[in-house]
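1. My questions concern the predicted model and sequence given below.
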Amino acid sequence: MDRIAEQIARHKKFLITTHVYPDGDAVGSQIALFILLKRMGKEVKLINSFPLPARYKFLPNSGLIKHNINATLPNSELAFVLDVGSKGRLGNMREHINNIKTVINIDHHLGNDCFGTINWIDSRMSSVGELIFHLYKHMKLEIRKPEAICLYTAIVTDTGSFQYSNTSVETHLAVSELLKTGIDHTWICNQIYKNIPVSKLKLLQLALETLSFDAKGKIGYMFITSDMYSKARATEEDSEEIVEYARNVKGVEVGILFKQHSKGNIKISFRSRSKIDVRKIASKFGGGGHHNAAACTVNGELKVVLKNIMRATILELESSISV
């Protein structure tokens with residue numbers, strides 16, 4: 001944090017970006033860091049490869065996040081890359097980041113590629129939001145309501161509403177300080193979780209029709225095809241949390257959702273209960289994540305990809321249960 005504070009003091013023009021298909025941690029952390037830099041009198045641009053998910057448009061300053069990089073990109077002196085385990089997760093922002101001299105990589109994923117000039121990687125943290133919280137404290141900046149809303153959103157979404165094993169005593173202590181700013185946590189959670197579009201429900205209905213089980217009921221899996229997205233008039237954002245329905249079935253240890261975005265391009269989301277490390281499975285296919293939540297993208301036919309993923313999952317399941 002000393003090195004990061006030094007770089008912030010030294011530079012004037014900043015870019016903040018995050019991964020493709022940005023989630024609550026990515027967006028919340030991005031805006032909270034934006035506020036920190038603006039309070040220090042810096043010029044800051046927020047640009048991502050993908051558009052802002054609708055569920056996070058309630059966040060302060062969310063309208064400043066751009067995704068049209070065909071427009072003229074800022075001449076930034078320093079780039080912050082948040083919640084990105086490898087440069088491949090930057091999408092079409094990757095080439096632009098390569099042209100910026102100083103890159104600060106802030107992440108909490110195990111196996112981060114450490115591609116930055118400075119790499120602040122701490123897998124003990126629940127989220128990048130928790131890391132940005134500590135950056136505020138380190139720089140002796142008061143956390144006010146706008147950034148508290150963003151940081152709370154980052155933490156609550158990446159901990160699965162404090163259900164995942166990445167939730168620690170330190171996480172709750174950080175959240176208690178955010179609550180002291182007077183933010184309405186019920187309102188925040190309503191914005192995130194209780195504004196479900198009809199398209200999401202239709203997509204969920206179609207996905208549940210594919211629900212199947214393997215390994216004597218210990219693995220639950222579903223799939224969403226590109227035709228199902230079209231039928232439900234749904235987007236990738238609408239598929240968030242659907243994998244939880246497979247994992248939450250009684251007796252299931254691992255839930256898997258296969259999402260076909262286009263022919264030959266399949267994104268796989270994993271969720272597990274406490275014992276199974278799905279990050280190990282995802283990493284075998286070029287992905288990553290956390291012990292209980294991970295993902296990867298694989299090219300191939302759905303049936304073949306499903307077979308290969310299931311084989312790897314069963315092996316990990318057997319290995320974990322035998323320990």
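-> Arrived safely.

2. for Phe8, what are its contacts?
-> Wrong residue type there; residue 8 is Ile, not Phe. Taking C-beta atoms under 8 Å, 6 or more residues apart in numbering as the criterion, Ile8 is in contact with 37, 40, 42, 139. C-beta here means a position set from N, CA and C on the backbone, and glycine is covered the same way.

3. Flag every buried residue along the helix or strand where it lies.
-> Of the helices and strands defined by DSSP states H and E, Ile8 is found in helix 2-10. Using 16 or more other C-beta atoms under 10 Å as the burial criterion, the residues of helix 2-10 that qualify are 4, 7-8.

4. can you pull out the helices in this structure?
-> For the chain, the helices defined by DSSP state H cover 2-10, 24-39, 94-98, 128-138, 145-158, 169-179, 185-193, 198-208, 226-232, 242-247, 278-283, 302-322.

5. roughly how far is the fourth one from the heart of the chain?
-> Its chain's C-alpha centre lies 17 Å from the corresponding centre of helix 128-138 when counted by C-alpha atoms, centre = their mean, to the nearest Å.

6. got it, and the shortest one?
-> Its chain's C-alpha centre lies 20 Å from the corresponding centre of helix 94-98 when counted by C-alpha atoms, centre = their mean.

7. Could you list the buried residues of that helix?
-> Of the residues in helix 94-98, 94, 96-97 count as buried by neighbour count, 16+ other C-beta under 10 Å.

8. Dump it to CSV, keeping only the CA atoms.
-> Taking C-alpha atoms only, helix 94-98 is exported to CSV below (Å, rounded to 0.1, in the frame of the first residue of the first chain):
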residue,chain,number,x,y,z
ARG,A,94,-6.0,-5.8,-22.8
GLU,A,95,-4.2,-4.1,-25.7
HIS,A,96,-4.7,-0.6,-24.2
ILE,A,97,-3.4,-1.7,-20.8
ASN,A,98,-0.2,-3.0,-22.6
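
9. That one packs against which elements?
-> Secondary-structure packing of helix 94-98 (3 or more C-beta pairs under 8 Å, 6 or more residues apart in numbering; DSSP states H and E): no helix or strand packs against it.

10. Could I get the average pLDDT for it?
-> Confidence for helix 94-98, expressed as mean pLDDT, is 91.

11. The helix holding Ile8 versus helix 128-138: what angle between them?
-> Orientation of helix 2-10 against helix 128-138 (axes from the mean of the first three to the mean of the last three C-alpha atoms, to 10 degrees) gives an angle of 70 degrees.

12. so can I have JSON lines of the buried residues of helix 94-98 showing distance to Val27?
-> Output for the buried residues of helix 94-98, formatted as JSON lines (distance: C-beta to C-beta, whole Å):
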{"residue": "Arg94", "distance to Val27": "19"}
{"residue": "His96", "distance to Val27": "19"}
{"residue": "Ile97", "distance to Val27": "18"}
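
13. and which of those residues is nearest Ile242?
-> For the buried residues of helix 94-98, the closest approach to Ile242 (C-beta to C-beta) belongs to Arg94, at 27.9 Å.

14. For the closest one, give its distance to Gln7.
-> Taking C-beta to C-beta, to the nearest Å as the criterion, Arg94 is separated from Gln7 by 21 Å.

15. can you list the domain ranges for the protein.
-> 2-193, 198-322 (automatic domain parsing).

16. just checking, what packs against the lowest-mean-pLDDT helix or strand in the chain?
-> Considering only helices and strands, the least confidently modelled element of the chain by mean pLDDT, DSSP states H and E is strand 288-289, at a mean of 85. Other elements packing on strand 288-289 under the criterion 3+ C-beta pairs under 8 Å, 6+ apart are helix 278-283, strand 293-299.

17. deepest of the ones you listed, which one?
-> Among the helices and strands packed on strand 288-289, judged by mean count of other C-beta atoms under 10 Å, the one packed with the most neighbours on average is helix 278-283 (a mean of 23).

18. Sketch out the low-pLDDT regions of this structure for me.
-> Segments of the chain classed as low confidence (criterion: pLDDT under 70) are 68-73, 263, 321-323.

19. redo that, cut-off 50
-> Counting by pLDDT under 50, the chain contains no low-confidence segment.

20. Thought Leu15 was touching Leu78, still the case?
-> Yes: using C-beta atoms under 8 Å, Leu78 makes contact with Leu15 at a distance of 7.5 Å.

21. what do the two both touch?
-> Common neighbours of Leu78 and Leu15 (criterion: C-beta under 8 Å, 6+ apart): Ile100.

22. Can you tell me the closest non-neighbouring residue to Ser29?
-> Val128 (4.2 Å; C-beta to C-beta, 6 or more residues apart in numbering).

23. can you count the residues close to that neighbour?
-> Using other C-beta atoms under 10 Å, the number of residues around Val128 comes to 29.
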